[in-house]
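Engineer: sharing a sequence plus its predicted fold:
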Protein chains: 2
Amino acid sequence: MRVLILGGDGYLGWPTAMHFASCGHEVLAVDNYLRRTIALQTRSEALMTNPDLHTRADLFEAHTGFRIQVQIGDCSDFLFMEKVVSQFVPETIVHYAEQPSAPYSMIDFPEARLTLNNNLNTTFNTIWAVLKHVPQCHIVKLGTMGEYGTPNIDIEEGWIQIKHNGREEKFLYPRQAGSLYHTTKILDTDLLWFYVRTHGLRVTDLMQGPVYGISTAQADLDERLMPNFHYDDIFGTVVNRFLVQAVAGIPLTVYGRGGQVRGYLNLNDTLQCVALAVDKPAACGEMRILNQFTELFSVNELAERVQTVGNAMGLNVQIRAIANPRKEKEEHYYNPVFSGLLQLGLEPHFLTDDVLAAMLSQVMRFRDRIETSRILPRVSWNSTGNLVAEATLHGSIHAENGVGLPPDGQPAIAAKL
Amino acid sequence: MRVLILGGDGYLGWPTAMHFASCGHEVLAVDNYLRRTIALQTRSEALMTNPDLHTRADLFEAHTGFRIQVQIGDCSDFLFMEKVVSQFVPETIVHYAEQPSAPYSMIDFPEARLTLNNNLNTTFNTIWAVLKHVPQCHIVKLGTMGEYGTPNIDIEEGWIQIKHNGREEKFLYPRQAGSLYHTTKILDTDLLWFYVRTHGLRVTDLMQGPVYGISTAQADLDERLMPNFHYDDIFGTVVNRFLVQAVAGIPLTVYGRGGQVRGYLNLNDTLQCVALAVDKPAACGEMRILNQFTELFSVNELAERVQTVGNAMGLNVQIRAIANPRKEKEEHYYNPVFSGLLQLGLEPHFLTDDVLAAMLSQVMRFRDRIETSRILPRVSWNSTGNLVAEATLHGSIHAENGVGLPPDGQPAIAAKL
């Protein structure tokens, strides 16, 4: 099968490319290095140095004999996207090509506009390139559980049957996200659903929770094949950040009361979920929405589990609550359905103590590369009451040397408004 | 009060500018003539010739003594938008500045992309210009009843309380629109609601039904002050199209079975609704959503009423059902709530026989200007089964001379895919 991977340089995109290539699929990975550019600009580079995409594809081929094709370009540019799709003629497109950082999207207008236009236009171009050139192609789109927010009722799998005044109708489950980044994923869903029902697109929208891990069958072949592992406040997901804080000997920073519950999954289960969706595609005119996580944890639970395992490994792991830079409920009802991917055959890998210990051991090999100054939150959602008028992201990072909270316990940088 | 009107050259924007100026408000009308440009490109010009915005403002001042300030520029360009907002310092922004045609948004990729990016970025720039320069400013955004679509349950006023598995939560009413244009209005609502709850914006989102009419207290002062009255398939709303067909002696064209029910309102009630929303603004952090229409009609009912009144005036009005160029339910449940604007004090003007007769009389004065070739649908939603591969909008219009349906009863132009 010809599989086009948009965002093929990413934390998930690159392991996905290797996974599909290893299964014998013809894989084309496309990226414009937007995440690397933003990481450089915001001093948020990954823990390990990742070779460029062409080099990684060469290394992967040397190890496995499987070729991953690479094209560098901007999927939000329709000329590029149309050329890629019309020439490669994919049967499946796995679409990861979005600005993926919630804090980045909340810095200021330029970052917000980049997030909005990059994400919406990439999805829009994907839709239209498929309609024009490969109308039977299955689009597998990475959404996020964050689209749902934290409502006070059970979170269904994409859709909800509403009974109201004695009548019934099935709707897209109402969405309400916690950042502009997450909101762009809602807009993606709106757009995909419109073109599914008017033009018969076939789409799977995967509502994914935060992912953790470094290791996959292919990444373990060579350190240079590892995914870009971020632990910073901009791109780092919470488990990966806690692992690095534990190894670096600085406290695990819990935002606010730490009762925020989310559905998490192992990087290997992302690969499994995407492969299951690809192998059993949506029908034409079907918008299949699947919730993609394997376990629920509160932030406090995660911190305590990392602490327990880290201490058993001789690390002295502390936990410290800090002022929450985000606007979110810190204690809330959370009961999302998770059955569609299990029915497709997913066999979950859970976050056991052994898994945590193995990840801590991997991070320890790179202990010397940890830059602790990039872990604490540098972006605040609370831009009106908590304004640091002179601070800009770049300026403040350059001025910042030490670790730890500013004296008032507030984030060092607020969105400039 | 300083009132900034975005899209001040439009069918609603210009009458709104005159209305607020006549009340003594300081009014700045902004437009980039996008609608005029598209009308020219698609041979969809309005029935009457409308002077440019500066000329109309001069004429209006000569008649009334009230000044309307004018600036020509693109609200989807943040540099322009920020300059306008920071210099004028509005207390209210009335935001009409969107590509408003559903059929135009369904032609092909370039038209769809223009609609998406123009509408989203104009709303996004409005949000950010307000956040940065006038955070207390009240944004009155024109949405559309079309955001809701035609669900099988009652349509509430923007929000719905959902009971599910024994728990409850209030959500944005789930939206599902019938064109890309209408879908961009859903995305606008998503964006506004996000910034309302994270940054405390004050927003009124008016879910408006199709508007009819030419006459307002100010427009009646001088023919050159009339709003741009469209009767074509691209910009014309259904009542206005029927009036022109009745006067031109060609059949009123009902799309499909004609059971499509919508909530309609008189142009004067649009002015009244917007004025009520402005006079009683939303609070900071409030997203107030109001359904804006006064009466429900099916398309068949509208056609029959125009026929009855037209025949009584000596017109020989015929009705003809044609193949529906849109994808929509032609018979459906439709029960939208409409109470918020009545509670604010709206006194509706209904579509009486006298109102219809007065509109027909006005149109009859311009009978010689009617170009009947631009009334029949030239854009089809059904781009996969009903594809006219060689046709382009411009090409086909130029090749088309006569009036009437093509031999197979299908629309002459389908979206090119």
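Structural biologist: Thanks, I have the structure now.
Engineer: let me see the ranges of the helices in chain A.
Structural biologist: With helices called from DSSP state H, chain A shows them at A:13-22, A:34-41, A:53-64, A:78-88, A:102-105, A:109-133, A:180-199, A:238-248, A:267-279, A:299-312, A:340-344, A:353-364, A:393-399.
Engineer: any chance of the ones you listed in CSV, with mean neighbour count too?
Structural biologist: Just so you know, the C-beta spots here come from the backbone N, C-alpha and C atoms, and that holds for glycine as well. Shown next, in CSV, are the helices of chain A (neighbours: other Cβ atoms under 10 Å in any protein chain shown):
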stretch, mean neighbour count
helix A:13-22, 26
helix A:34-41, 18
helix A:53-64, 17
helix A:78-88, 18
helix A:102-105, 25
helix A:109-133, 22
helix A:180-199, 23
helix A:238-248, 25
helix A:267-279, 22
helix A:299-312, 19
helix A:340-344, 16
helix A:353-364, 17
helix A:393-399, 14
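Engineer: how about these, which one is nearest residue B:62?
Structural biologist: Residue B:62 lies closest to helix A:109-133 among those, at 40.5 Å (Cβ to Cβ).
Engineer: quickly note the distance from residue A:356 to chain B.
Structural biologist: 33 Å (Cβ to the nearest Cβ, to the nearest Å).
Engineer: about what we covered before: how about a markdown table for the helices of chain A, with distance to residue A:260 and mean pLDDT added?
Structural biologist: Below are these laid out as a markdown table (distance: least, Cβ to Cβ, whole Å; pLDDT from 0 to 100):
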| stretch | distance to residue A:260 | mean pLDDT |
| --- | --- | --- |
| helix A:13-22 | 26 | 98 |
| helix A:34-41 | 24 | 97 |
| helix A:53-64 | 34 | 98 |
| helix A:78-88 | 36 | 98 |
| helix A:102-105 | 13 | 96 |
| helix A:109-133 | 22 | 97 |
| helix A:180-199 | 14 | 98 |
| helix A:238-248 | 9 | 96 |
| helix A:267-279 | 21 | 98 |
| helix A:299-312 | 5 | 98 |
| helix A:340-344 | 23 | 98 |
| helix A:353-364 | 19 | 97 |
| helix A:393-399 | 24 | 37 |
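Engineer: out of the ones you listed, flag the one nearest residue B:132.
Structural biologist: Smallest distance to residue B:132 across the helices of chain A (Cβ to Cβ): 7.2 Å, for helix A:109-133.
Engineer: the closest one: how far from the chain's middle?
Structural biologist: Offset of helix A:109-133 from its chain centre (Cα atoms, centre = their mean, to the nearest Å): 17 Å.
Engineer: try stretch A:83-93
Structural biologist: When C-alpha coordinates are averaged (Cα atoms, centre = their mean), stretch A:83-93 and its chain have centres 24 Å apart.
Engineer: ok, that stretch near chain B or not?
Structural biologist: No: if you take Cβ under 8 Å from any Cβ of the partner chain as the test, stretch A:83-93 misses chain B, and the best it gets is 12.6 Å.
Engineer: and that stretch, how far apart are its ends?
Structural biologist: Stretch A:83-93 has an end-to-end distance of 14 Å (Cα to Cα, to the nearest Å).
Engineer: residues touching it, excluding its own?
Structural biologist: Applying Cβ atoms under 8 Å, 6 or more residues apart in numbering or on different chains, the external contacts of stretch A:83-93 come out as A:1-6, A:28, A:30, A:69, A:71, A:73, A:126, A:129-130, A:132-134, A:136-140, A:278, A:281.
Engineer: the residues you listed also near chain B: which ones?
Structural biologist: Among the contacts of stretch A:83-93, proximity to chain B is found for residue A:132 (Cβ under 8 Å from any Cβ).
Engineer: per-residue pLDDT of the spatially closest residue to residue A:42 that is not a sequence neighbour, please?
Structural biologist: In this structure, residue A:42 finds its nearest non-sequential neighbour in residue A:234, 5.3 Å apart by Cβ to Cβ, 6 or more residues apart in numbering or on different chains. At residue A:234, the pLDDT value in this model is 96.
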